[in-house]
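K.L.:
Take a look and give me a structure for this.
(2 chains)
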Amino acid sequence: MTARRGKPVLLLVLAGLALLLAGLAGVYWGTAELSWGARLEALLRLPGAERHLMLIIWEWRLPRVLMVALVGAALALSGVLMQALLRNPLADPYLLGLSSGASAVATAAIVWLPAAFVASIGLPLLAFAGAMLAFLVTLGLAFSPARGLDRLVLILAGIAVSLFFQSVSAFFLHIADPHATRAALQWLMGSAAGTVWRDLLPLAVALPLVALVSLRFSPMLDAVLLGDERAAALGVPVSWLRSGFFTAAALLTGLSVAGAGIVGFVGLIVPHMARLLIGATHRRLIPLALLLGAIVLVLVDLLCRIVLAPQELPLGVLLALFAAPPFILILRRVRHGI
Amino acid sequence: MKTLPLFAAAAGLLLAATPTLAQDRQIESCETVSSFTTAPSRVITLNQQATEIMLALGLEGQLVGTAYLDDAIPARWQAAYDSVPVLAEQYPAREVVLAQNPDFLFAGFNSAFGEKALGSQEEWNALGIGTYLVNVECRNLHPADVKLTTAPLFTDLERIGALFGVEDRAAAVADDIRSRLDAVADADPGQGRRAFLYDSGTETAFSAGCCGAPGLLLDAVGLTNIAAEVEGRWADLAWEAVVTGAPDVIVLVDAEWSTAAEKIAYLKADPVLSELDAVRHERFVTVPFSATVLGVRFIEGVEGLGADLAALGQ
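P.N.:
Numbering: from 1, shown residues only, chains lettered A, B, ... in the order given. The predicted structure is shown next:
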């Protein structure tokens, strides 16, 4: 029994160390070819460091690495919550139409609105508003006063809302000048390039809060996995729990979209990776999923910066490549019944 | 009795002459060849550089439609341009093109003959409608890793001039461009300074690659492209590469969709980019988007950039 209890702790410590190493690697390597000595000096802010290297590392790489780590962790946590509350292993934070809502508003803003106006409000804020709008429409469609939130209807409503907003995006991409669509496409494929320190604040506040609340309610999340009736019999306020955590997941997803554009697959794949390693008990699953999500995205972002240097790849390109094999594995497991 | 063989001989001559007549005028474009018996008279141009080649050669009378401008038509051609109907703001639908009963389609970007626009040149040729794509856009002739020269522009002028029988006019336009290019090259306003061409983008910098017209523009004024090693016509540079490239001067592309003022504001607001020498000393020069396209107005971009660089001093 002690061995079984020791293993999760060890896993979490290892994952924490791995995240630290991945983060250091993300700060240390990048698009620019710098000499080893100069990099070390700049990283440690030694007096002899070249000023522009120090600026690259401290003003560009560090906020960027922290941003992808936060986004990865936030999407992984949303994935864990969604998969538990919907009892659907293929549930994903974007299932509720959030990503297509954000995409539609962002594309419309890039293509349609005056650039000065978009710059003053900020594309992230507009994207966040789009995500929340789509989420509210989905909730509105799925909620009925008599029956509360039906999880099947919610999935269907999410699909309907996604399809609607996708066609809005497609419309704006079609009418747009090709020069303008380049910016929109880059955003749709996800990228944390251009992150500055103050962009980190919303996720840095929201993520720890949601993570702590989720951990506090983890026994209830475990109970929901048994089915709504049984959970209710165990005293879990299922409808409240579902509404509350959906809102929390939507908030995290919306903030992630605002931070790094549309980053797919992390919310779907990472919770499964974590479950394979540590089991489905949420008290252990949530911390590991948070760490793994951060590690995966920090590493993928690093690869995006160095594969084609001095050109840069959007996150979506490599993520899809790495996500396909585990996704097939999950499909097979689902088919055989988990 | 004597007339019959004469008729036969005349008929034979006519039969023999018809194929040679059909081969009278040909124009080669990328991998296609279009043949005409007479000069095309119902021409549709797509993209600004194609339209401007026609206007520069005084061929507006042969145009039945134009489409897709990137910026304004120069004042000297405005009246001629206005005399031709504009079919669409961007690429017209295939039906709209065919409804004009054109005999020749002349395009400035290869996207015009892409599946999402008009469809391939071969499809139009099969309908008996000739096509020409400006030589620089033929991907089979100009791979992304071979440095571009101004030769494709002169090929266009020569071929279009020959097709419409205005060789003299075409030669005059070509000679004018050649001598003006030489004059700028001799003055060497760039003096080998390192330049970063900034077209658009904030997450990454859309810039000139090694081997396209934007790179050629920098070469033509004697600047050294910081992304000269990057394959392609354009390059999506990571900002870190711009900083380590340490440009002496920044060439801003001014376009409706991304103005020079917006880009200067972005460069000055970024904590790292604002520390670049070129930004701190405001060594910015601006070129219109049309200067990054190898057409008849490329030379204006080269001269304008040259003059701005000379004014910038050392």
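K.L.:
from here on, contacts and neighbour counts on C-alpha atoms
P.N.:
OK.
K.L.:
Could you pull up the residues touching residue 202?
P.N.:
As the question left the chain open, I've gone with chain A. residue A:255 (CA atoms under 8 Å, 6 or more residues apart in numbering or on different chains).
K.L.:
should've been chain B
P.N.:
Residue B:202 touches A:194, B:266, counting by CA under 8 Å, 6+ apart.
K.L.:
what about it, distance to residue B:295?
P.N.:
28 Å (CA to CA, to the nearest Å).
K.L.:
what does residue A:236 give?
P.N.:
71 Å.
K.L.:
more neighbours, these two?
P.N.:
residue B:295 (26 against 19; other CA atoms under 10 Å in any protein chain shown).
K.L.:
Show me the shaky parts of the chain.
P.N.:
The chain I'm using is chain A. Under the criterion pLDDT under 70, the flagged ranges of chain A are A:1-6, A:33, A:115-116, A:119, A:334-338.
K.L.:
try again with chain B
P.N.:
Across chain B (using pLDDT under 70), the flagged ranges come out as B:1-23, B:314.
K.L.:
who in it is up against chain A?
P.N.:
B:201-204, B:230, B:235-238, B:240-241, B:243-244, B:257, B:271-272, B:275 (CA under 8 Å from any CA of the partner chain).
K.L.:
Find the residue closest to residue B:161 in space, skipping its chain neighbours.
P.N.:
Nearest residue to residue B:161 in three dimensions, chain neighbours excluded: residue B:167, at 4.6 Å (CA to CA, 6 or more residues apart in numbering or on different chains).
K.L.:
That neighbour contacts residue B:154, correct?
P.N.:
No - judged on CA atoms under 8 Å, residue B:167 makes no contact with residue B:154 at a distance of 11.9 Å.
K.L.:
Which one's more surrounded, these two?
P.N.:
residue B:154 (20 against 17).
K.L.:
what's whatever helix or strand the more buried one lives in in contact with?
P.N.:
Secondary structure assigned from DSSP states H and E places residue B:154 in helix B:151-164. By CA under 8 Å, 6+ apart, the list of residues contacting helix B:151-164 from outside reads B:25-28, B:39-40, B:53, B:57, B:134-136, B:167-171, B:174, B:294-296.
K.L.:
hmm, 6 Å instead?
P.N.:
B:39, B:135, B:136, B:167, B:170 (CA atoms under 6 Å, 6 or more residues apart in numbering or on different chains).
K.L.:
and the stretch 201-338 of chain A, which of its residues are near chain B?
P.N.:
With CA under 6 Å from any CA of the partner chain as the criterion, the stretch 201-338 of chain A comes near chain B at residues A:310, A:311, A:312.
K.L.:
hang on, residue B:72 in a strand?
P.N.:
No - assessed with DSSP: H, G, I helix; E, B strand; the rest coil, residue B:72 is coil; it does not lie in a strand.
K.L.:
Quick one: classify residue B:197 as helix, strand or coil.
P.N.:
strand.
K.L.:
Please apply the same query to residue B:92.
P.N.:
Residue B:92 - assigned by three-state DSSP - is coil.
K.L.:
Now do it against chain A, distance only.
P.N.:
12 Å (CA to the nearest CA, to the nearest Å).
K.L.:
What is the neighbour count of that residue?
P.N.:
Neighbour tally, residue B:92, other CA under 10 Å: 18.
K.L.:
same thing with residue B:286?
P.N.:
20.
K.L.:
My read is that it contacts residue B:255, right?
P.N.:
No - contact criterion CA atoms under 6 Å: residue B:286 and residue B:255 do not qualify, at 10.1 Å.
K.L.:
quick one on the thing from earlier: please check the residues of the stretch 201-338 of chain A next to chain B and keep the buried ones.
P.N.:
Buried members of these, counted by 16 or more other CA atoms under 10 Å in any protein chain shown: A:310, A:311, A:312.
K.L.:
which residue sits farthest out from the middle of chain A?
P.N.:
residue A:48 (38.2 Å; CA atoms, centre = their mean).
K.L.:
So it: helix, strand or coil?
P.N.:
Going by three-state DSSP: residue A:48 is coil.
K.L.:
mind listing the strands for chain A?
P.N.:
A:143-144, A:148-149 (DSSP state E).
K.L.:
can I get the ones you listed in a markdown table with distance to residue B:45?
P.N.:
A markdown table is the format used below for the strands of chain A (distance: least, CA to CA, whole Å):
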| stretch | distance to residue B:45 |
| --- | --- |
| strand A:143-144 | 55 |
| strand A:148-149 | 58 |
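K.L.:
Quick one: closest of the ones you listed to residue A:37.
P.N.:
strand A:148-149 (58.2 Å; CA to CA).
K.L.:
check contacts around the residue most central in space within chain A.
P.N.:
By CA atoms, centre = their mean, chain A has its centre lying nearest to residue A:75, at 2.7 Å. Taking CA under 6 Å, 6+ apart, we find residue A:75 in contact with residue A:267.
K.L.:
State the distance from it to residue A:19.
P.N.:
Taking CA to CA, one finds residue A:75 at 16 Å from residue A:19.
K.L.:
for residue B:82, same thing?
P.N.:
63 Å.
K.L.:
and if you look at residue A:176?
P.N.:
41 Å.
K.L.:
List the buried residues of stretch B:56-73.
P.N.:
B:56-57, B:59-60, B:62-70, B:73.
K.L.:
ok, residue B:29 touching residue B:134?
P.N.:
No - contact status for residue B:29 versus residue B:134: not in contact, 7.7 Å apart, counting by CA under 6 Å.
K.L.:
higher neighbour count, the two?
P.N.:
For residue B:29 versus residue B:134, neighbours defined as other CA under 10 Å are more numerous around residue B:134 (25 against 19).
K.L.:
Which residues are in contact with the more buried one?
P.N.:
residue B:108.
K.L.:
go with 8 Å
P.N.:
Taking CA under 8 Å, 6+ apart as the test, what residue B:134 contacts is B:29, B:50, B:106, B:107, B:108, B:109, B:152, B:153, B:156.
K.L.:
To what extent is the residue nearest to residue A:245 when sequence neighbours are not counted buried, counted in neighbours?
P.N.:
Nearest residue to residue A:245 in three dimensions, chain neighbours excluded: residue A:81, at 6.9 Å (CA to CA, 6+ apart). Neighbours of residue A:81 under the rule other CA under 10 Å: 27.
K.L.:
distance of residue A:81 from chain B?
P.N.:
In terms of CA to the nearest CA, residue A:81 sits 31 Å off from chain B.
K.L.:
what do you get for residue A:219?
P.N.:
42 Å.
K.L.:
so how many other residues sit close to residue 273?
P.N.:
Picked chain A for this. 18.
K.L.:
Correction: the question concerned chain B.
P.N.:
21.
K.L.:
wait, isn't it in contact with residue B:279?
P.N.:
Yes - in this structure, residue B:273 is within contact of residue B:279 by CA under 8 Å, at 7.2 Å.
K.L.:
How about the contacts made by residue 49?
P.N.:
With no chain named, the answer covers chain A. Residue A:49 touches A:38, A:41, A:42, counting by CA under 8 Å, 6+ apart.
K.L.:
hm, I was asking about chain B
P.N.:
Contacts of residue B:49 (CA under 8 Å, 6+ apart): B:108, B:293, B:294, B:295, B:296.
K.L.:
Doesn't it belong to a strand?
P.N.:
No - assigned with three-state DSSP, residue B:49 falls outside any strand and is helix.
K.L.:
now it: how far from chain A?
P.N.:
From residue B:49 to chain A the distance is 16 Å (CA to the nearest CA).
K.L.:
Distance of that residue relative to residue A:244?
P.N.:
For residue B:49 relative to residue A:244 (CA to CA), the value is 58 Å.
K.L.:
Over to residue B:177?
P.N.:
69 Å.
K.L.:
for chain B, what spans make up the helices?
P.N.:
Along chain B, the segments classed as helices by DSSP state H run B:3-22, B:48-56, B:75-82, B:94-99, B:121-126, B:151-164, B:167-187, B:213-220, B:239-245, B:260-269, B:277-280, B:298-312.
K.L.:
mind listing what's buried in the longest one?
P.N.:
With burial defined by 16+ other CA under 10 Å, the residues of helix B:167-187 counted as buried are B:167, B:169, B:170, B:171, B:173, B:174, B:177, B:180, B:181, B:184, B:185.
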